[in-house]
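Asks: coords below, sequence missing:
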């Protein structure tokens, strides 16, 4: 379980559901990439944003999709 609070997150929202033992997602699984993408989206960082490494190669800041049910 992860708790989001403030910053544009809709309160009291449950995303997906798990099996009867709470071990595995049954629907709407999210990944750590989705978690990070949600935070970056709410911070106003565009999906196309990149950072440049020491030899000027671009790297995407994030790859996941924001968890739209939370926004």
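Replies: Sure thing, it's come through. Only a predicted model underlies this, so the values are computations on that prediction, with no experimental measurement involved.
Asks: against the centre of the chain, work out the most remote residue.
Replies: residue 55 (28.7 Å; CA atoms, centre = their mean).
Asks: a helix runs through that residue, doesn't it?
Replies: No - assessed with DSSP: H, G, I helix; E, B strand; the rest coil, residue 55 is coil; it does not lie in a helix.
Asks: relative to residue 18, how far out is it?
Replies: 44 Å (CB to CB, to the nearest Å). For the C-beta atoms, the positions are set from N, CA and C on the backbone; glycine is no exception.
Asks: next one: residue 54
Replies: Relative to residue 18, and taking CB to CB, residue 54 is found at 42 Å.
Asks: do the same with residue 34
Replies: 16 Å.
Asks: the two: which has the busier surroundings?
Replies: Using other CB atoms under 10 Å, the more surrounded residue of residue 34 and residue 18 is residue 34, with 19 against 13.
Asks: tell me which residues touch the more buried one, please.
Replies: Contacts for residue 34 were tallied using CB atoms under 8 Å, 6 or more residues apart in numbering; they are 64, 65, 66, 67.
Asks: please, a PyMOL command that selects the buried ones among these?
Replies: This is how PyMOL selects the buried members of these, with burial counted by 16 or more other CB atoms under 10 Å:
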select buried, resi 64+66+67
